[in-house]
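> Predicted model follows, preceded by the sequence.
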Amino acid sequence: MTNIIAIVGQTATGKTKLALELAKKHNGELINFDSRQIYKYLDIITGKDKDVLTMKQWNNITIWLYDIVTPNQYFSSFDFVKLVTPIIEDIKKRGKTPILVGGTYLYLKHLLYGIDDNNSPPNFKLRNELNNKTVKELQNILTKLDVQSFNRLNNSDVNNPRRLMRRIEIASTTKKRTYIRSDLKRTDLPNTFIGLRYKDKSKLRQVIIKRVEERLKNGAIDEVKKLLKISYTENDPGLKTIGYQQIIKYLNKEITMEKAVEDWVNKEVQYAKRQLTFMKSDKNISWREI
RNA sequence: GCCGAGAUAGCCAAGGUGGUCACGGCGGAGGUCUGAAAAACCCCAGAUGUCAGUUCGACUCUGACUCUCGGCA
């Protein structure tokens, strides 16, 4: 019986703190599965708890997958699964407990339940070409390439340019069928699988407002300025992140500071809601309300 | 006090020579999710300032009132 712990949940629920407590108790190491904290230099606004981690009460518990790519680098759930699988093995081999903690449920889902390896990595050139197409055009292209793939799309996805492009990408890089048995190694299900969620939404909003204010006080704006100065842009994957997007707009004088803060808070609340919608479908999660 | 402009959902806002009026966006509810996910997308709810008048019928026309914004005093 393997011994893996996973902690998922909405943003601002104290996942890291819980993870650290469990790490102390079970001789564990943390593995981050937060798609934003994977990026270097995104510290204040993504809420990396670096100072917490170095506190001596946690006697230097290791955390994996912080700061592993630069903000202009593409990173996907596939990359995550590939990276994390050997890390889990390594931790186990050393007799310690892997503790997965984060908010990007998609990454965790693909790790735990598998992801089809149809051997078609992102084709950025193709994506670039498809980018100016209308949804209608994308639908037509996919229909011509692979009707079955098109027909499997639900009403939401059939209107979603990203999903259409991905299907086109697969259909145009693989000669036949879109199904191959996954050869990606997946990990065993965690024996402790905790989800943290807010009982009521107004409380969540309050906490997020407070957190945004704190991050502004801690230098959120300077963090963005610094990133722009070393020539990262709002279109880089890492900066397509709540907080950064709004502050960039403010710095470009497109919106006022008040509006930027309001948007930032709203987007985070909406994000938290979407997180929950997605995770709710996983019946293996034991929920704790806060 | 006078003149002018305006009052349409929680907020911003389009319209139409009276005919079930009511475009959008934001925000709100609920969803989707197999290599971009703090992304992208689907979907639902919700409105004509108040009181009269004209009319078969008023959100639309008329009057008064209330409030807002300009200008003059």
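Cool, got the structure. From a predicted model like this one, the values you see are computed outputs, not experimental measurements.
> now the strands for chain A?
Applying DSSP state E to chain A gives strands spanning A:5-9, A:28-32, A:63-64, A:97-101, A:192-197, A:286-289.
> so can I have CSV of those strands showing distance to RNA strand B and mean neighbour count?
Using the backbone N, CA and C atoms, a C-beta is placed for each residue, glycine as well. Listed next are those as CSV, based on distance: least, Cβ to the nearest atom of the strand, whole Å; neighbours: other Cβ atoms under 10 Å:
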stretch, distance to RNA strand B, mean neighbour count
strand A:5-9, 10, 26
strand A:28-32, 10, 25
strand A:63-64, 14, 21
strand A:97-101, 12, 24
strand A:192-197, 12, 19
strand A:286-289, 14, 11
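> wait, which of the ones you listed is closest to residue A:142?
Between residue A:142 and the strands of chain A, the tightest spacing by Cβ to Cβ is seen for strand A:5-9, at 32.3 Å.
> Name the residues that touch the closest one?
Identification of contacts with strand A:5-9 by Cβ atoms under 8 Å, 6 or more residues apart in numbering yields A:15, A:18-19, A:22, A:26, A:28, A:97-103, A:105, A:108, A:112, A:190-197, A:275, A:279, A:285.
> So for the helix or strand of chain A with the lowest mean pLDDT, what gets flagged as buried?
Every helix and strand in chain A was compared by mean pLDDT, DSSP states H and E; the lowest is helix A:50-53, with a mean of 78. By neighbour count with 16 or more other Cβ atoms under 10 Å, helix A:50-53 contains the buried residues residue A:53.
> so what secondary structure elements neighbour it?
helix A:15-26 (3 or more Cβ pairs under 8 Å, 6 or more residues apart in numbering; DSSP states H and E).
> just to revisit the earlier point, out of the strands of chain A, which is closest to residue A:135?
It is, among the strands of chain A and with distance given as Cβ to Cβ, strand A:5-9, at 31.8 Å.
> Can you check what pLDDT the model gives the residue lying farthest from the centre of chain A?
Ranked by distance from the centre of chain A (Cα atoms, centre = their mean), the top residue is residue A:144, with 32.5 Å. What the model reports as pLDDT for residue A:144 is 93.
> Quick check: it vs residue A:106, distance?
The spacing between residue A:144 and residue A:106, counted by Cβ to Cβ, to the nearest Å, is 29 Å.
> Repeat that for residue A:52.
25 Å.
> cool, and residue A:226?
For residue A:226, the distance to residue A:106 - Cβ to Cβ - is 29 Å.
> Over to residue A:236?
In terms of Cβ to Cβ, residue A:236 sits 20 Å off from residue A:106.
> ranges for the helices of chain A?
Chain-ordered helices for chain A, with DSSP state H as the definition, fall at A:15-26, A:50-53, A:77-93, A:105-113, A:124-130, A:135-145, A:147-151, A:161-173, A:201-217, A:220-229, A:244-251, A:257-279.
> hang on, isn't residue A:282 packed against residue A:109?
Yes. Residue A:282 is within contact range of residue A:109, at 7.3 Å (criterion: Cβ atoms under 8 Å).
> The residue nearest to residue A:142 when sequence neighbours are not counted: neighbouring residues, count only.
The shortest distance from residue A:142 to any non-neighbouring residue, by Cβ to Cβ, 6 or more residues apart in numbering, is to residue A:150 (4.7 Å). Using other Cβ atoms under 10 Å, residue A:150 is surrounded by 20 other residues.
> Let me see the contact set for residue A:150.
A:139, A:142-143, A:158, A:167.
> I'd like to know which of those are buried.
With burial judged by 16+ other Cβ under 10 Å, the buried subset of those is A:139, A:142, A:158, A:167.
> can you list the weak-confidence ranges in the stretch 1-150 of chain A?
By pLDDT under 70, the low-scoring segments of the stretch 1-150 of chain A are A:1-2.
> So which bits of it are right by RNA strand B?
A:11, A:34-37, A:45-47, A:74-79, A:103-107, A:110, A:114-122, A:127 (Cβ under 7 Å from any atom of the strand).
> Thank you, goodbye.
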